[in-house]
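**Q** here are the coordinates; sequence isn't available:
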Ligand SMILES: Cc1ncc(COP(=O)(O)O)c(C=O)c1O
């Protein structure tokens with residue numbers, strides 16, 4: 001691969017890319033990164049690494065685009081699957097019955113928690129969340145959707161209305177019926193959920209809110225509450241799904257079967273967009289009268305289905321999940337000593353598997369840590385809705401030496417933040 005001349009990278013040169021990007025994509029992003037002293041344009045990417053287009057700077061990807069790159073960048077098995085699939089398939093036609101979508105949906109039915117057996121495909125997470133809300137409203141005939149303050153479900157219509165205020169404030173009237181309550185607060189939820197409630201929508205661990213790990217009995221109580229009020233429990237597994245927490249689905253840690261589970265990001269293998277809204281059989285009735293009432297031209301594109309199947313095969317392998325647990329224990333041990341060393345700024349590690357948030361003392365720390373991480377050779381993005389916390393989401397394929405190297409670099413970055 002090294003010797004093949006590159007056709008798509010470095011054809012413009014870094015300065016020209018900056019200028020074109022500022023002039024035609026986003027001047028704000030260019031200004032932001034320049035002001036932050038982060039002089040980086042994404043170039044080559046392989047495994048756990050990202051390189052600057054000019055080739056001088058290498059970063060360990062500890063953001064992974066929220067789980068898109070769980071299997072690393074350009075995973076050879078995923079690429080090979082897509083290459084094969086491209087020889088026979090294209091996007092397909094979403095009106096028609098499809099072998100590829102049927103195969104992927106039936107595999108999801110085998111792997112999803114409990115009796116979740118149906119899937120409607122989308123292109124991105126926001127779209128899949130929108131559909132989950134449509135299923136809940138369509139089935140119950142009720143309007144209200146209760147979600148978490150600080151939560152994040154995407155930027156599409158209903159997903160945006162369910163997310164934190166910050167992202168919707170500038171964009172005018174939202175769809176009505178949405179209420180937010182504090183996460184992990186069953187009493188607040190009990191007050192909010194009533195007979196008009198269609199759904200409770202929660203991330204298993206809210207990543208943008210700084211990865212607070214819910215109490216062990218929170219989700220079982222939410223499940224009970226939803227059952228008693230006839231509301232659906234929708235769980236957003238877009239970041240926590242596909243092995244990130246050491247189990248295939250994050251919600252498995254809490255012994256609860258949701259009515260609807262939404263997945264995205266990592267299902268793409270980092271190569272071909274794919275999102276899925278998976279639900280229990282009884283909710284399929286929503287689409288009985290008019291099976292074309294919800295449509296997504298590119299959702300579940302046939303050429304991407306074999307890729308998603310490969311992702312599921314790799315991510316559900318018990319040896320793979322065991323590896324995630326093993327790497328997680330390297331970080332939990334490492335952070336115990338880092339906590340002593342950096343006691344003035346480090347509060348602790350919020351962790352479930354390799355879903356990790358570095359909790360620090362105040363809201364200046366997250367942005368400072370992101371810059372310090374960049375200077376120390378790794379990409380870590382602070383939590384947008386809780387800047388005290390820096391997200392640490394390395395690819396799940398890292399090995400022990402790389403986990404230890406990341407810890408060393410975190411040590412250096414924390415020293416700089418202090
Ligand atoms: C938990 C969660 N839900 C939903 C979304 C929206 O996904 P997408 O950007 O693919 O629409 C994201 C994206 O970051 C997410 O992190």
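**A** Structure received. Quantities reported herein were computed from a predicted structural model and do not represent experimental measurements.

**Q** which SS state does whatever residue of the stretch 201-350 of the chain ends up closest to the ligand fall under?
**A** Closest approach between the stretch 201-350 of the chain and the ligand, counting by CB to the nearest ligand atom: residue 238, at 3.8 Å. From N, CA and C alone the C-beta is placed, and that goes for glycine too. Going by DSSP: H, G, I helix; E, B strand; the rest coil, the secondary structure assigned to residue 238 is coil.

**Q** in this protein, what residue is nearest the ligand?
**A** For the chain, CB to the nearest ligand atom, closest residue to the ligand: residue 125, 2.3 Å.

**Q** how near is the residue nearest to that residue when sequence neighbours are not counted to residue 334?
**A** Closest residue in space to residue 125, ignoring its immediate chain neighbours: residue 264 at 3.5 Å, by CB to CB, 6 or more residues apart in numbering. Counting by CB to CB, to the nearest Å, the separation of residue 264 from residue 334 is 30 Å.

**Q** On the pLDDT front, check the residue nearest to the spatial centre of the chain for me.
**A** Centroid check for the chain by CA atoms, centre = their mean gives residue 239 as the closest residue, at 2.6 Å. Confidence at residue 239, expressed as pLDDT, is 98.

**Q** Can you verify residue 59 is assigned to a helix?
**A** No. Under three-state DSSP, residue 59 falls outside any helix and is assigned strand.

**Q** Quick check, the residue nearest to residue 125 in contact with residue 240.
**A** No. With contact defined as CB atoms under 8 Å, residue 264 does not count as touching residue 240 (11.3 Å).

**Q** For the residue of the chain closest to the ligand, give me phi and psi.
**A** Dihedral pair for residue 125: phi -60, psi -40, per degrees, to the nearest 10.

**Q** Was I right to think residue 370 contacts residue 389?
**A** No. The pair residue 370 / residue 389 is not scored as a contact, 11.1 Å apart, by CB under 8 Å.

**Q** out of these two, which sits in the busier spot?
**A** Between residue 370 and residue 389, counted using other CB atoms under 10 Å, residue 389 has the larger neighbour count: 26 against 21.

**Q** Quick check: neighbours shared by residue 370 and residue 389?
**A** residue 382 (CB atoms under 8 Å, 6 or more residues apart in numbering).

**Q** Show me which of residue 264 and residue 334 is the more surrounded one.
**A** Taking neighbours as other CB under 10 Å, residue 264 and residue 334 compare with residue 264 leading, 29 against 18.

**Q** Per-residue confidence, that one, what does it come out as?
**A** So residue 264 comes in at 98 (pLDDT).

**Q** so who does it touch?
**A** So residue 264 contacts 122, 124-125, 128, 238, 274-276 (CB under 8 Å, 6+ apart).

**Q** Same question for residue 214.
**A** When contacts are counted by CB under 8 Å, 6+ apart, residue 214 is found next to 183-184, 204-205, 254.

**Q** try residue 340
**A** Residues near residue 340 by CB under 8 Å, 6+ apart: none.

**Q** Which positions in the helix or strand harbouring it come out as buried?
**A** Using DSSP states H and E, residue 340 sits within helix 318-341. Neighbour-count burial for helix 318-341, counted by 16 or more other CB atoms under 10 Å, picks out 320-321, 323-324, 327-328, 330-331, 334-335, 338.

**Q** Then stretch 34-50?
**A** Across stretch 34-50, burial judged by 16+ other CB under 10 Å covers 40-41, 43-45, 47-50.

**Q** cool, stretch 180-200 as well?
**A** 180-181, 183-186, 188-189, 192-193, 197-200.

**Q** Can you tell me what sits against the lowest-mean-pLDDT helix or strand in the chain?
**A** Lowest on mean pLDDT, DSSP states H and E among the helices and strands of the chain sits helix 165-168, with a mean of 88. For helix 165-168, the surrounding residues in contact (CB under 8 Å, 6+ apart) are 149, 152, 155, 160-161, 174, 180, 384-385.

**Q** Mind checking which of the residues you listed are in helices?
**A** 160-161 (DSSP state H).

**Q** got JSON lines for the contacts of helix 165-168, with pLDDT too?
**A** Shown next, in JSON lines, are the contacts of helix 165-168 (pLDDT from 0 to 100):
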{"residue": "149", "pLDDT": "96"}
{"residue": "152", "pLDDT": "97"}
{"residue": "155", "pLDDT": "95"}
{"residue": "160", "pLDDT": "96"}
{"residue": "161", "pLDDT": "96"}
{"residue": "174", "pLDDT": "90"}
{"residue": "180", "pLDDT": "97"}
{"residue": "384", "pLDDT": "95"}
{"residue": "385", "pLDDT": "95"}
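
**Q** Just the buried ones from the contacts of helix 165-168, in ChimeraX syntax?
**A** With 16+ other CB under 10 Å as the criterion, this ChimeraX line picks the buried residues out of the contacts of helix 165-168:
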select :149,152,160,161,174,180,384,385
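
**Q** now the contacts of helix 165-168 in CSV, with distance to residue 378?
**A** Formatted as CSV, the contacts of helix 165-168 follow (distance: CB to CB, whole Å):
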residue, distance to residue 378
149, 30
152, 23
155, 27
160, 31
161, 35
174, 37
180, 33
384, 19
385, 22
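
**Q** Around the nearest residue to residue 86 once chain neighbours are set aside, count how many other residues there are.
**A** Nearest-residue entry for residue 86: residue 303, 6.1 Å, with adjacent residues in sequence omitted and distances by CB to CB, 6+ apart. By other CB under 10 Å, 17 other residues sit near residue 303.

**Q** what's near enough to touch residue 303?
**A** Per CB under 8 Å, 6+ apart, neighbours of residue 303: 82, 85-86, 89-92, 272.

**Q** make it 10 Å
**A** 82, 85-92, 100, 272 (CB atoms under 10 Å, 6 or more residues apart in numbering).

**Q** Likewise for residue 182?
**A** Taking CB under 10 Å, 6+ apart as the test, what residue 182 contacts is 148-150, 188-189, 212.

**Q** Next up, phi/psi of it, please.
**A** Torsion angles, degrees, to the nearest 10, at residue 182: phi -60, psi 140.

**Q** cool, and residue 417?
**A** Dihedral angles phi and psi of residue 417 (degrees, to the nearest 10) take the values phi -60, psi -40.
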